[in-house]
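**Q** sequence and predicted structure are below.
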Amino acid sequence: MFNGTGGAFTSSIYAKSGSPNVQIYNDNFISDGTVNPGADDTIVWGDGKGTFVFNNNAWHRVEGGDDWYCNGDTTSFSGWQAKGFDSVGMDVDPQIGGTLGGGPVAYQLNSTSPLINKGANLSGRVPGGVGTRDYFGNPIPNGGAFDIVAAEYTGTYSTQSNATPVAHTSFSPAVHIAAITINGQNIAKGATASWSVTITDSSGNPVSGVTVECFLNRKCVPHLKPTTIRHRMRLGTRTLT
C-alpha cells in the first residue's frame, strides 16, 4: 500500500531507492473490493517511475469494472493495453475452484478457465524461464502451453496447503563452507593478499575433492583485474594467494 491507496500490485519510488526494472508474466491478479466496499480497490497502483513489463497476465475485480493506476488512472482494459501493457493479457473471471482467501489450494483452475494454455513460454527471456514444475510440484506445461497461474491445470486438485519442494542434489553429510579468513582488511596496491577457505561436512570433518571458486570483484578492489581462481580441496583447508 502506498499513499493510502492499495492494489494487487503496488510500486513507488521513495527518495534514493533507485528505479526498478520489473517484468511480470503469467500472473493471475484478483482484487476483491466487496470485502471493504469503502476502500479504494485499485488493482494496480504505481507512480510509473521505473521500467515495467506486464504481459500474459489475467486481471479480475470481483465487484466488476476496472481500475489501474500507473502514472495516471485507467478504468478500461483497452486503456491499460494502450499504455503498452498486456497486449496478450486478459480481463476475465479466472474461474478458480475455491473461495478467495482460502489459501493456495483455492486458486487452482476449473476445467473451463480461460487461463488454461494462455501463459507465455519465457525460455530465453528470463533466467530459468518459468521452470519445470508448478507450485504443487506438477510438471509444466501440461498441455499445449503454460497456464496463467501458479498451479497448472491437470484435471485433479491438490488438497495440500504448502508448496511441494522439488528434489535437489544433496550430499550426506552436508558439505558447506565452515570459514573464510583473509590476511587483512586493507591490502595495499602491489601487496600480496591471501585467504583461507575451510570446507567441512555437517560433522565438522575436513572434506577433500571439492572445487573452490573464488571471484575477485573489481568493484570492491578497484585495482584488481576481474578474475576467477579455482582450486581443488585436498586437506579441507586451502590457502589461496
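**A** The structure has been received and is ready for your questions. Numbers count the residues shown, from 1 in each chain.
**Q** tell me where the model's unsure across this structure.
**A** 1-6, 13-18, 127, 162-173, 185, 213-241 (pLDDT under 70).
**Q** mind listing the helices in it by residue range?
**A** In the chain, the helices defined using DSSP state H lie at 77-82.
**Q** which stretches of it form strands?
**A** According to DSSP state E, the chain carries its strands in the segments 9-11, 21-25, 28-31, 44-46, 51-55, 58-61, 68-70, 73-74, 90-91, 175-182, 195-201, 211-216, 227-232, 237-240.
**Q** partners of the first one in the sheet?
**A** With DSSP bridges as the test, strand 9-11 is paired with strand 44-46 (parallel).
**Q** and this protein, what are its domains?
**A** 9-93, 175-240 (automatic domain parsing).
**Q** how close does Pro114 get to Asp134?
**A** To Asp134, Pro114 is 18 Å away according to CB to CB, to the nearest Å. C-beta: built from backbone N, CA, C; applies to glycine.
**Q** now do Ala8
**A** 20 Å.
**Q** more neighbours: which of these two?
**A** Using other CB atoms under 10 Å, the more surrounded residue of Ala8 and Asp134 is Asp134, with 24 against 19.
**Q** and the more buried one, how far from Thr154?
**A** 9 Å.
**Q** Phe52 now?
**A** Distance, Phe52 to Thr154, using CB to CB: 32 Å.
**Q** likewise Gly102?
**A** For Gly102, the distance to Thr154 - CB to CB - is 19 Å.
**Q** give me the number of residues near Lys118?
**A** The local packing of Lys118 (other CB under 10 Å) involves 20 other residues.
**Q** so which of the strands of the chain comes closest to Val130?
**A** strand 21-25 (7.9 Å; CB to CB).
**Q** which of Gly102 and Thr154 has more neighbours?
**A** Taking neighbours as other CB under 10 Å, Gly102 and Thr154 compare with Thr154 leading, 17 against 12.
**Q** list the contacts of the more buried one.
**A** Applying CB atoms under 8 Å, 6 or more residues apart in numbering to Thr154 gives the contacts Asn138, Asn142.
**Q** what backbone torsions are found at it?
**A** Main-chain torsions, Thr154, degrees, to the nearest 10: phi -120, psi -10.
**Q** and the gap between Ile116 and Gly137?
**A** Distance from Ile116 to Gly137, counting by CB to CB: 19 Å.
**Q** these two: which is more packed in?
**A** Ile116 (22 against 14).
**Q** for the more buried one, what are its contacts?
**A** Applying CB under 8 Å, 6+ apart, the residues near Ile116 are Leu109, Gly143, Asp147, Tyr153.
**Q** so the first one makes contact with Leu115?
**A** Yes. Under the criterion of CB atoms under 8 Å, Leu109 is in contact with Leu115, at a separation of 5.9 Å.
**Q** neighbour count winner among these two?
**A** Neighbours were tallied for Leu109 and for Leu115 using other CB under 10 Å; the higher tally belongs to Leu115 (25 against 22).
**Q** overlap in contacts, Leu109 and Leu115.
**A** Residues within reach of Leu109 and of Leu115 at once, by CB under 8 Å, 6+ apart, are Pro94, Gln95, Asp147, Val149.
**Q** who wins for neighbours among those?
**A** Counting by other CB under 10 Å, top hit in those: Asp147 with 25 neighbours.
**Q** ok, it - contacts?
**A** By CB under 8 Å, 6+ apart, the neighbours of Asp147 are Asn26, Leu109, Ser113, Leu115, Ile116, Asn117, Lys118, Gly119, Ile140, Pro141, Tyr153.
**Q** kindly recompute the last result at 10 Å.
**A** 26, 28, 58, 94, 109, 113, 115-119, 134, 140-141, 153-154 (CB atoms under 10 Å, 6 or more residues apart in numbering).
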